[in-house]
Every structure is written in C-alpha cells, then in structure tokens.
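Student: Got a predicted model here, sequence first, then my questions.
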Amino acid sequence: MTNTHDHGARETTRGPRTTFLTRLLAVTSAAAALAATGLVTAAGTATAETHREPDFGPNVFVYDPSTPAAEIQAKFDALFAQQEENEMGTDRYAILFKPGRYDVNAKLGYYTTVAGLGRSPDDVDVNGAVRVIGQSDPDSAAGISSLTNFWRSAENLSVTPTDWSNQWAVSQASPMRRVHIRGTLWLEPGNGGYSSGGYIADSKVDGVTINGSQQQWLTRDSVLGGDWTNGVWNQVFSGVTGAPEQGFPDPPYTTLATSPVTREKPYLYVDDRGSYRVFVPALRRDTSGTTWGDGRTEQGTSLSIRDFYIAKPGDGASRINQQLARGKHLLLTPGVYHLDRALRVKHKNTVVLGLGMPSLAPDTGDAALRVEDVDGVRVAGVLVDAGPRRSDVLVEVGDRHSRRDHASNPISLQDVFFRIGGPWVGKATTSLVVNSDDTLIDNIWAWRGDHGNGIGWNQNTADTGVVVNGDDVTAYGLFVEHYQKWQTIWNGERGRTIFYQSEIPYDPPSQAAWNSPTGKGWASYKVSDRVRTHEAWGLGVYSYFNQGVDIRADRGIEVPKRPGVRFHDMVTVFLDGSGGIERTINEAGTPVVGSYGTSTIVSYP
C-alpha cells in the first residue's frame, strides 16, 4: 500500500529543487515562445491579450470570411424583415465583419449598424451592397420616400456595388463614416421621392454621388472621385477633396476648403493578433480628405477592449457608474438602458462608445449622462430617449462654472441622437447643454417627435434642443427640430456651426401659445445678444404648421448685429400647412408664408 503521507514527505524532501527546475523550464519555454511572436516587452513581461471573443450580447453578430455567404445573407434578410418598419421599437442590432471579402446584399432597417473590424475601411470589402432603400409613402406623389429613414449606420468598410450603385436613401441620424464606395453612391429613394438627410464623414466615393431629392446634406473630410449631382436647398461640404465649387443658392452648395478642427469617431477593430481594440483618432486642424487614404497612417491611440466595461441593457446606472469611477471606458451593447440616475463620466480621456444604436432612457427625471469638465472625453454612437418624468437636461457637458481650456484635447460628441416622444411619452426642458469650452459637436440630431407615441403639444413637452454656453465650441451637422421655444441657443463666444438643419414645431395650437420675448414665434437659431463673435455656414430653417391655424415666426435666425457675428448661406422654406416665416435672419429675407417658397441670404450682415 502506498503511504501518501510518506510519499508527500519524500516529495517535500527532494521536491524544491525539482519543482524549481520544472518551473524554470516552463517559464523559459513560454518566454521563448512569446519572444518569437513579439509579445514580450523589454522588461520580459508578457503583453499578449486573450483572443477570446468579447461578450457583446445576443444582438451583435460577428462574421469572418470563412462564414458561408448564405448564412450572412439570411441574417441580414431576417433582420431587415424585422426592422424595416420597426421605427419606434426597442430592438437594436450590430453586424460586424472581420477583415476579408464578403458577397452580401445588405439592406438596413431601423437601429441596425454594419461595421468593419479592420484598421482601414479597405480591410473589409463587401461585394454587393450595404444599402438603405425607400419606404412606401402614400402621402408622396412618388409613392415612395425616405423621410423617416432614421437611426441606422454604416462604418469602417468598403463596398463594391454589384448593381449600378450603392443606395443610401436616408434622412437624419443615419451616418456613413469611414466608408469606401467603389462605384456610384445613390442618396435618394428614386422616382422623385422625398428625402431629408444626411451625413457622411471620413469617406471616399470613387464614382458619381447622386444627391437627387436630398433636401440637405453635410459631407465632411471626405473624397469625391466623381461629380456630386444637383441639390435641393442646403448642401454643405467641409474639407472635401473633389467637392463642387461654392454656388449657393444656385446650386445650393456651401464649400469650405478645410474643416477648422476635427477628431474622428472612435471605432472597434481587431488587430493582427486577433485581439479586439478601440482606436481613438487624434485631434486635427485645418483638415481635408480622409484620415486613411493615400497610404496615410492614421494618428491616434489604440485601447484594449479589456480597458472597457462592456455594458448590457440589464445593467443599472449604479453598476455602470462604478465601472466608470474605476477608470474604465464604456462600451454600450445594443439595447435600451433604463436609468434611475445619470451616468457620470469623471475621468479625462474616457471613451463612451455605443454599438448598434443603444438608447439611454432616464426614467426618474434625472439626466441620462453628465460629463465633468475634463479633457478628452469622447461620447459616440448613442440615442437618448426622454422619460415620462421631465428632465431638466438629458446630456450635460461640464457645468455652469466650467472654465478650463480644452483646446488641445477637447470633449467630443459624435452621432448622439435625442428624442422627446416617439417610442413613449417623453419630457425634457433641454436635450443637450454644452458648458465646456472647445467642445466638438459632430452630427447631432435633437428631435422633439412629430409622430409616434406620446405626441402632442402638452404631451412631449420640450423647450430647447441645444444650449451652448462654452466658448470656442465647433459644431458640424447640427440637426435640431420641433422644440417648443428656441431650437438652439448659443451663449458662448467664438462659436462655429458648419451645417444646420431645423424644422420649427408643427403643432403650436395658437399664435398666443407660441410667442417669444422678441416677437411672433421663436426663431430656430438664437445667438445671445451679449455674444461678440460667432460664425456659421449653411443653415436651413423650415416651417410646416399643421394645426390649421395661421402661425407666424418673425424670423428663422436671430442674432446680434455686429461685425464679429457672421452668417453665410441661409435658407428659410415654407414646406406646407399654414402661416410661415417672415424673415430669414433678423430683418433680412423675404416672407415664406401660405404656400411653398424659399428665401435665401448669402451673407449677413
């Protein structure tokens, strides 16, 4: 019989040297293996990351080139059938492609994101299409439109169209970023159907871009290899190589050779070792073209996915805030996050990145998100849905005492979309308040709902979409619509807006219910009387009062008249309904009242 105790004793007697040699050999062999793969630092510490797939939850689908094309196509078809008309639903999805080629014809419905996982858009080639098509619209003479094609996106991939074009017939909140279209890009639904987009950034189109019926559009820091055809009211190009020449109002092109200060949206990718990371692009000034084309090396910082807390919709605000307080970045997986208190970002350089159009929904009257006045926070790719208890603000950047200089490392908000009503009754006094200096706003849609659930003058109540108190704030693609007072209020100095789109509210019940301190109605874009310097390019303000009452707004844009406050290329439009807008900016412009008409101003003052 073996004596286990004695055996153990003998091991103890002669074991230390044997154990030491065994471990030494194991460590040496492991180190040699790691050294061969380049995963050992100068200090000899292993830096390899686990290749285990992160848990992004059940609504994220990750494919590699070995996946059968039929399987990928079936998933796209099933999601589109579910999401094509699911405008106010709670389902959210993301489909991610690892580097390689894919033969697929992807149609995107609501709350669907398609993205590549390469370091360059050209690392993923979709041979077929990534497209958005028009919807049946019985109110349109064409029978089709894309006026409500909201809340979807394509990012970080290339598309080689197998049809004559890649169709991207969208309206607001449907960005195309870091996309290479190897052919023609078609932005309208066809047959003359209406469309009300839209936004492209850091992208390249090899062929013609057919703008068609798009009423307005912003293209930023991109490359157009072919013509950009026609336009309706307001087309803005900022830092776009190959952009059409300045022509406003006929054609309605506003063209800036460079963008003054930019930083592209963070994105998820897989490195050469198969590890997931998030790339955070660097700040740039006086830019044009893409960050990734012509052999450029994109500047920025790469973060391990292990530095992120990967949140799921069941996570409460307390748990998420604990992770943020520990210094974790935050990746929000697809779904709706009901919050009993605001998420709080306190550490500089924190990244809050949404995957698949996640929604933050404050239920108790608090904000959804508060960002302290610290350097370099990035918030990107999230929806914010007001709850039934009124919030004073939904997202606040800094506080009213913020005075820090962030010029070298600003806070940025990118693809952040607000809703007051639509999925449910929502109430919020102001959707976005920016107190921090130097903040970058890049593609924001703040929308008080005009259709959906909980819609009415006394139901989805909301005063103002965006309030900017910080100095030196720059906004690209500011879409603000249907709020009940001023849509946008700018109190900070040296602000800049490049592209603004705004419908004033449809539903004031009477003129008496909708008069401002400065006259009839409320201007859409309001610059405070005390501001000395402000500049804006490419602004469109539209009216459609649909209550059968003659409602007037004295002006679409209201600013102090002084040399440092300058506006370029503005249009006011009567879309339909009753009443209208008397002047475009202050006392300048012509009435657009009672029937379709436009009033354009090239320069003010």
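Tutor: Cool, got the structure.
Student: so where's the stretch 101-250 of the chain shaky on pLDDT?
Tutor: Within the stretch 101-250 of the chain, no range satisfies pLDDT under 70.
Student: mind redoing it with 90?
Tutor: Scanning the stretch 101-250 of the chain for pLDDT under 90 picks out 137-142, 191-192, 230-231.
Student: these two touch, right, Phe97 and Gly116?
Tutor: Yes: here Phe97 reaches Gly116: they are 5.1 Å apart, a contact under Cβ atoms under 8 Å. In short, each C-beta sits where N, CA and C put it, glycine included.
Student: joint contacts of these two?
Tutor: Shared contacts of Phe97 and Gly116, defined by Cβ atoms under 8 Å, 6 or more residues apart in numbering, are found at 124, 157.
Student: my guess is Ser318 contacts Arg341, does it?
Tutor: Yes: applying Cβ under 8 Å, one finds Ser318 in contact with Arg341, separated by 7.3 Å.
Student: Please enumerate the helices of this protein.
Tutor: 4-36, 69-83, 317-325 (DSSP state H).
Student: Compare those helices and say which comes out lowest on pLDDT.
Tutor: For these, mean pLDDT drops lowest on helix 4-36, to a mean of 35.
Student: Among Ser318 and Arg341, which residue is more densely surrounded?
Tutor: Taking other Cβ atoms under 10 Å, Ser318 and Arg341 do not tie; Arg341 has more neighbours (17 against 10).
Student: Apart from its neighbours in sequence, what residue is nearest the more buried one?
Tutor: Distances taken as Cβ to Cβ, 6 or more residues apart in numbering put Ala317 closest to Arg341, at 4.7 Å, once the chain neighbours are dropped.
Student: so that neighbour makes contact with Leu324?
Tutor: No: using Cβ under 8 Å, Ala317 is not in contact with Leu324, being 10.0 Å away.
Student: Touching both of these two, which residues are there?
Tutor: Residues touching both Ala317 and Leu324 (Cβ under 8 Å, 6+ apart) are Leu343.
Student: The two: who's more crowded?
Tutor: Taking neighbours as other Cβ under 10 Å, Ala317 and Leu324 compare with Ala317 leading, 23 against 20.
Student: Pro362 versus the more buried one, what's the distance?
Tutor: With the distance defined as Cβ to Cβ, to the nearest Å, Ala317 ends up 9 Å from Pro362.
Student: List the residues that are in contact with both of these two.
Tutor: Listed as contacting both Ala317 and Pro362 by Cβ under 8 Å, 6+ apart are 339, 342.
Student: Could you check how far Val170 is from Asn149?
Tutor: Per Cβ to Cβ, Val170 is found 5 Å from Asn149.
Student: my bad, should have said Gly183
Tutor: Gly183 sits 21 Å away from Asn149, going by Cβ to Cβ.
Student: and the residue positioned nearest the centre of the chain, what is it in contact with?
Tutor: Nearest to the mean C-alpha position of the chain, by Cα atoms, centre = their mean, lies Asp415 at 1.1 Å. For Asp415, the contact set (Cβ under 8 Å, 6+ apart) comprises 153, 173, 175, 177, 265, 354, 380-382, 442-443.
Student: Any chance of JSON lines for the residues you listed, columns distance to Glu558?
Tutor: What follows is the contacts of Asp415, written out as JSON lines (distance: Cβ to Cβ, whole Å):
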{"residue": "Ser153", "distance to Glu558": "33"}
{"residue": "Ala173", "distance to Glu558": "26"}
{"residue": "Pro175", "distance to Glu558": "29"}
{"residue": "Arg177", "distance to Glu558": "33"}
{"residue": "Lys265", "distance to Glu558": "32"}
{"residue": "Gly354", "distance to Glu558": "34"}
{"residue": "Ala380", "distance to Glu558": "31"}
{"residue": "Gly381", "distance to Glu558": "32"}
{"residue": "Val382", "distance to Glu558": "31"}
{"residue": "Asp442", "distance to Glu558": "25"}
{"residue": "Asn443", "distance to Glu558": "24"}
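Student: Among those, which ones are in strands?
Tutor: Judged by DSSP state E, the subset of these located in strands is 153, 177, 354, 380-382, 442-443.
Student: From these, pick the one nearest Asp286.
Tutor: Taking Cβ to Cβ as the measure, Asp442 is the one of the ones in strands among the contacts of Asp415 closest to Asp286, at 16.3 Å.
Student: Leaving out the residues flanking it, which one is nearest to the closest one?
Tutor: Nearest residue to Asp442, sequence neighbours excluded (Cβ to Cβ, 6+ apart): Gln414, at 4.3 Å.
Student: Distance check, that neighbour against Pro175.
Tutor: Distance, Gln414 to Pro175, using Cβ to Cβ: 9 Å.
Student: Now for these two: what residues contact both?
Tutor: In terms of Cβ under 8 Å, 6+ apart, Gln414 and Pro175 are both contacted by the residues Asn443.
Student: So these two - more neighbours on which side?
Tutor: Higher neighbour count among Gln414 and Pro175: Pro175, with 28 against 24, using other Cβ under 10 Å.
Student: how close does the more buried one get to Gln82?
Tutor: For Pro175, the distance to Gln82 equals 22 Å [Cβ to Cβ].
Student: Provide a list of residues in contact with Tyr500.
Tutor: By Cβ under 8 Å, 6+ apart, the contact set of Tyr500 is 475, 478-480, 488, 525, 536, 538-540.
Student: Check Gly519 too.
Tutor: Applying Cβ under 8 Å, 6+ apart to Gly519 gives the contacts 554-555.
Student: pLDDT score for it?
Tutor: Gly519 carries a pLDDT value of 97.
Student: Look up which residues are beta-bridged to it.
Tutor: Judged by DSSP bridges, the bridge partners of Gly519 are Ser516.
Student: Repeat that for Glu481.
Tutor: Assessed by DSSP bridges, Glu481 has beta-bridge partners Trp447.
Student: Kindly report the same for Val130.
Tutor: Judged by DSSP bridges, the bridge partners of Val130 are Ala106.
Student: Check the gap between it and Ala141 for me.
Tutor: 29 Å.
Student: Of the two, give the one with the bigger neighbour count.
Tutor: Applying other Cβ under 10 Å to Val130 and Ala141 shows that Val130 carries more neighbours, namely 29 against 11.
Student: was I right about the more buried one contacting Gln167?
Tutor: No: look at Val130 against Gln167 with Cβ under 8 Å: they stay out of range, at 9.5 Å.
Student: residues touching the closest residue to Tyr506 other than its chain neighbours, list them.
Tutor: Closest residue to Tyr506 apart from its sequence neighbours, by Cβ to Cβ, 6+ apart: Asn546 at 4.7 Å. Contacts for Asn546 were tallied using Cβ under 8 Å, 6+ apart; they are 506-507, 576-578.
Student: Sort out for me which of those are in strands.
Tutor: Per DSSP E, the contacts of Asn546 map to strands at 576-577.
Student: Now list the buried members of the contacts of Asn546.
Tutor: 506-507, 577-578 (16 or more other Cβ atoms under 10 Å).
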